[in-house]
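*Asks:* Structure of the sequence below:
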Amino acid sequence: MRILIVDNAEANRQATADMLSNMDHEVVAVADADNALQQLDKAQFDAAFVELKLNGKSGLDLMRTLQSRGTGIDVVIFTAFASFESAVEAMRLGAADYLPKPCSAEQITEVLAKVAKARKLRGRVADLESRLSSNIPEADMTTNEPRVQKVYEVAQKAAAMPVTILLLGESGTGKSVLARYIHENSPQRDNRFVTVSCPSLSRELLESELFGHTKGSFTGAVGETWGKVAAADGGTLFLDEIGDLPMEIQPKLLRLLQEKEYERVGETKPRRANVRVIVATNRDLDQAVKEGQFREDLYYRVKVVPLHLPALRERRADLLRIATGYLHFCSQQCGKHLNGFTPQAEQALQRYDWPGNLRELRNVVERSVILAEGQQVELDDLPEELHQLLDTTSVNTHVQLGGDFSLQELEREHICRVVRRIRPRKKAAEILGIDAVTLYRKGKKYGL
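*Replies:* Modelled structure (predicted):
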């Protein structure tokens, strides 16, 4: 932890600082309240050891100031003037503990363990409250698709081990949901789950976001930050869209994965972080390695347990159940009481190919719930592109490879899906491996 010591007795201040430094904590020691507040303006601290009697100000007054600032720092009052009354007052005001001087290493270790446990619990509660108040439905990790079930089974097994997991799949297939599921079924579940979106920031800001920075390390760095790696220490760091991670940052991530070490921007002091790393991407990392856009050694380091999430169009057996789950969630959010979809609406949902996957499905269901006037979502409540799928020439949603269907039925189904998804038709013809005239002829035959 990063710990602030406030003690006007130099010998005691130095002895406590040495003791904490030997325990591998980062320590800043000052003599009075004014210097303590200046340090807090510069950087964040996890805990503070504050002498009860300071020159010109009491330690309890300083603690009140810290609490009023909302720093989230845990204050331990330690003093050579211990009394029952001051101890009661300190604990009443919210002190993490109260220690009489001189303090032994065992006492300080015990107090810091208590502080660490309390901070961990507060972080867990804050995370749960954030999720409860957010507009996110509860994760549904059940499936009727054998391929998806296999992914979930491997994820469950890998969650128990401290290995790096690579989540692959198109955008919107639920990679972030699966990452959180892995975290919540892992030994790290009681610590934080921290997400970093790799394409969202410039290289400089992303490096600072990940590893933190010191004051003045770059333009605009007016204070210190600890970064997401430090925030995730003991928990899980989820790097979304790692395929877009800049080449300059990739060796630093490799070092974190291999040695559990990193450095903040602007300093050379190595720091350690015991983090579980999960990464996700919708890019082809094999191709990115060949093109020199992704380090080969990093690729093999993150590819310890690769899991590929199928697109929603490959999960027809799950689609209506997922859509119904979204419907119930969105209905509650909107204060409505919808109980399902009409048969025509269900058919339209099944026949659409969902290029935006789960994210698009949720958006469509949310829109439909808003527009619905009855107790069910009707076909007219769905977007126009789904209406067009229910004419007499629409595709047979039950046609599947390996089923009891003729080659003509399979061809019709495949051509209809490709034409519906790909524009212009010339491009659809290229994908199908036929010329535009042949596609036109088959389109007339199948009523496209």
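
*Asks:* mind listing what residue 90 touches?
*Replies:* The contact partners of residue 90, taken as Cβ atoms under 8 Å, 6 or more residues apart in numbering, are 52, 59, 60, 63, 77, 98. Just so you know, the C-beta spots here come from the backbone N, C-alpha and C atoms, and that holds for glycine as well.

*Asks:* Run through the helices of the stretch 251-400 of the chain in chain order.
*Replies:* With DSSP state H, counting those that start in this stretch as the definition, the stretch 251-400 of the chain shows helices at residue ranges 285-290, 296-302, 316-334, 343-351, 357-371, 384-387.

*Asks:* tell me which element residue 444 falls in.
*Replies:* Element membership for residue 444, per DSSP states H and E: helix 436-446.

*Asks:* elements contacting that helix?
*Replies:* Using 3 or more Cβ pairs under 8 Å, 6 or more residues apart in numbering; DSSP states H and E as the contact definition, the elements that helix 436-446 packs against are helix 407-421, helix 425-432.

*Asks:* Does the residue most central in space within the chain belong to a helix, a strand or coil?
*Replies:* Taking Cα atoms, centre = their mean as the criterion, residue 195 is the residue nearest the geometric centre of the chain, at 3.2 Å. Following DSSP: H, G, I helix; E, B strand; the rest coil, the label given to residue 195 is strand.

*Asks:* Next one: it from residue 159, what distance?
*Replies:* Here the distance between residue 195 and residue 159 works out to 17 Å (Cβ to Cβ, to the nearest Å).

*Asks:* From what I see, residue 288 and residue 243 are in contact.
*Replies:* Yes - in this structure, residue 288 is within contact of residue 243 by Cβ atoms under 8 Å, at 5.9 Å.

*Asks:* Show me whatever sits in contact with both of the two.
*Replies:* Once Cβ under 8 Å, 6+ apart is applied, the residues that residue 288 and residue 243 both contact turn out to be residue 294.

*Asks:* ranges for the strands of the stretch 1-150 of the chain?
*Replies:* Taking DSSP state E, counting those that start in this stretch as the test, the strands found in the stretch 1-150 of the chain are 2-6, 26-30, 47-51, 53-54, 57-58, 74-79, 97-100.

*Asks:* Just the angle for the first one relative to strand 74-79, thanks.
*Replies:* Read it as strand 2-6. For strand 2-6 against strand 74-79, the angle by axes from the mean of the first three to the mean of the last three Cα atoms, to 10 degrees is 30 degrees.

*Asks:* Output strand 2-6 in CSV, but only the C-alpha positions, please.
*Replies:* These are the backbone C-alpha positions of strand 2-6, laid out as CSV (Å, rounded to 0.1, in the frame of the first residue of the first chain):
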residue,chain,number,x,y,z
ARG,A,2,0.9,3.7,-0.3
ILE,A,3,1.0,5.0,3.3
LEU,A,4,1.3,8.5,4.7
ILE,A,5,2.9,9.0,8.2
VAL,A,6,2.1,12.2,10.1
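
*Asks:* so which of the helices of the stretch 251-400 of the chain gets nearest residue 81?
*Replies:* helix 296-302 (54.5 Å; Cβ to Cβ).

*Asks:* Sort out which residues of the closest one are buried, please.
*Replies:* Residues of helix 296-302 classed as buried: 298, 299, 301, 302 (neighbour count, 16 or more other Cβ atoms under 10 Å).

*Asks:* before we move on, the earlier item: dump the helices of the stretch 251-400 of the chain to a markdown table, plus distance to residue 177.
*Replies:* Listed next are the helices of the stretch 251-400 of the chain as a markdown table, based on distance: least, Cβ to Cβ, whole Å:
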| stretch | distance to residue 177 |
| --- | --- |
| helix 285-290 | 21 |
| helix 296-302 | 19 |
| helix 316-334 | 11 |
| helix 343-351 | 20 |
| helix 357-371 | 8 |
| helix 384-387 | 24 |
